[in-house]
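Asker: only the shape, not the letters, is given here:
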């Protein structure tokens, strides 16, 4: 399965002989799968079916779902009139014509007053959930398919960038592993130079003890092994595809923890610079995996 982004959009419209159903789905980042569904009140009995369909396509992310449905058959519409308002308008017009001494027959314009706001009301018959259900579910499935396709395209772009950054991070870790054995030697040379600069005489046993103590404090071999393992696991997890976002987020946290430990233990400029570069990459990974389903 490919990687999928958590952000996306999908829509579908299904028209039958008597119905038109439109569905739009917008998704954004979220720790879990959360659905907000807006649909006509007459169709609320179908909400559970809609949620099950969404759950089959969306494992993680917040989805805002908008559903609209309307009947298309003219005979199903109900037409009513406010006759009191209609007659009142005619009466007012007749009175106005009388005041200006115009012929009263000029007031006989019922068709015109029927177009006045609120005189005629056209109400569609309530939606029948049982009749709408098949069309509605077809529209939801179509919108989900479009959404998944869009999320997969964005996920492919994210995946390519994550793999490139993971490869660069792996290279930096290998540099630190190559440098690690030289840290103690470099410390010994610096210590000897400082002793010589101060003109102090220190016996070899004391010097060796100090170097051994430093070597124990500055040992980063285990942290580097774990860090490299995390980088490899990150790459393998990318290949498994979504849903894998939470797992990637956990691995990135472990990377950050190992780098913090290395930075505190390795008193070496080369390693310190490498840790800074690695932390910058890990932070970029952390931001990007927040958008992986």
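Answerer: Cool, the structure landed. Here the structure is a predicted model, which means the values were calculated and not measured.

Asker: domains of this protein?
Answerer: By the record's domain assignment, the chain is partitioned as 8-73+127-152, 83-118, 154-289 (automatic domain parsing).

Asker: could you dump these to TSV with mean neighbour count?
Answerer: The C-beta positions use only the backbone N, C-alpha and C, and glycine is treated the same way. Shown next, in TSV, are the domains of the chain (neighbours: other C-beta atoms under 10 Å):
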stretch	mean neighbour count
domain 8-73+127-152	17
domain 83-118	12
domain 154-289	16
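
Asker: ok, of these, where does mean pLDDT dip lowest?
Answerer: Lowest mean pLDDT within the domains of the chain: domain 83-118, a mean of 70.

Asker: can you give me the end-to-end span of that one?
Answerer: 10 Å (C-alpha to C-alpha, to the nearest Å).

Asker: what do you get for stretch 36-54?
Answerer: Start-to-end, stretch 36-54 (C-alpha to C-alpha) is 11 Å.

Asker: thinking again about what came up before, tabulate the domains of the chain (TSV), appending distance to residue 2.
Answerer: Output for the domains of the chain, formatted as TSV (distance: least, C-beta to C-beta, whole Å):
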stretch	distance to residue 2
domain 8-73+127-152	5
domain 83-118	54
domain 154-289	5
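
Asker: tell me how far the helix ranked longest in the chain is from the chain's mean position?
Answerer: The residue-count maximum for a helix in the chain (DSSP state H) belongs to helix 129-198. Relative to its chain's centre, helix 129-198 lies at 17 Å (C-alpha atoms, centre = their mean, to the nearest Å).

Asker: would you map the strands across this protein?
Answerer: 8-15, 19-28, 33-38, 61-71, 77-81, 120-124 (DSSP state E).

Asker: need those strands in JSON lines with distance to residue 172, can you?
Answerer: JSON lines is the format used below for the strands of the chain (distance: least, C-beta to C-beta, whole Å):
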{"stretch": "strand 8-15", "distance to residue 172": "33"}
{"stretch": "strand 19-28", "distance to residue 172": "32"}
{"stretch": "strand 33-38", "distance to residue 172": "35"}
{"stretch": "strand 61-71", "distance to residue 172": "32"}
{"stretch": "strand 77-81", "distance to residue 172": "70"}
{"stretch": "strand 120-124", "distance to residue 172": "65"}
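
Asker: out of the ones you listed, which is closest to residue 226?
Answerer: strand 61-71 (30.8 Å; C-beta to C-beta).

Asker: quote the end-to-end distance of stretch 28-47.
Answerer: 21 Å.

Asker: sorry, back to before: so which elements touch the longest helix of the chain?
Answerer: Helices and strands touching helix 129-198, by 3 or more C-beta pairs under 8 Å, 6 or more residues apart in numbering; DSSP states H and E, are strand 8-15, strand 19-28, helix 47-57, strand 61-71, helix 204-218, helix 221-240, helix 245-265, helix 269-289.

Asker: which of those sits closest to residue 34?
Answerer: strand 61-71 (4.6 Å).

Asker: rewinding a little: for the helices and strands packed on helix 129-198, give me CSV that also has distance to residue 149.
Answerer: Listed next are these as CSV, based on distance: least, C-beta to C-beta, whole Å:
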stretch, distance to residue 149
strand 8-15, 8
strand 19-28, 12
helix 47-57, 10
strand 61-71, 15
helix 204-218, 52
helix 221-240, 20
helix 245-265, 18
helix 269-289, 21
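
Asker: nearest to residue 154, out of these?
Answerer: Within the helices and strands packed on helix 129-198, the stretch nearest residue 154 is strand 8-15; the backing value is 6.6 Å (C-beta to C-beta).
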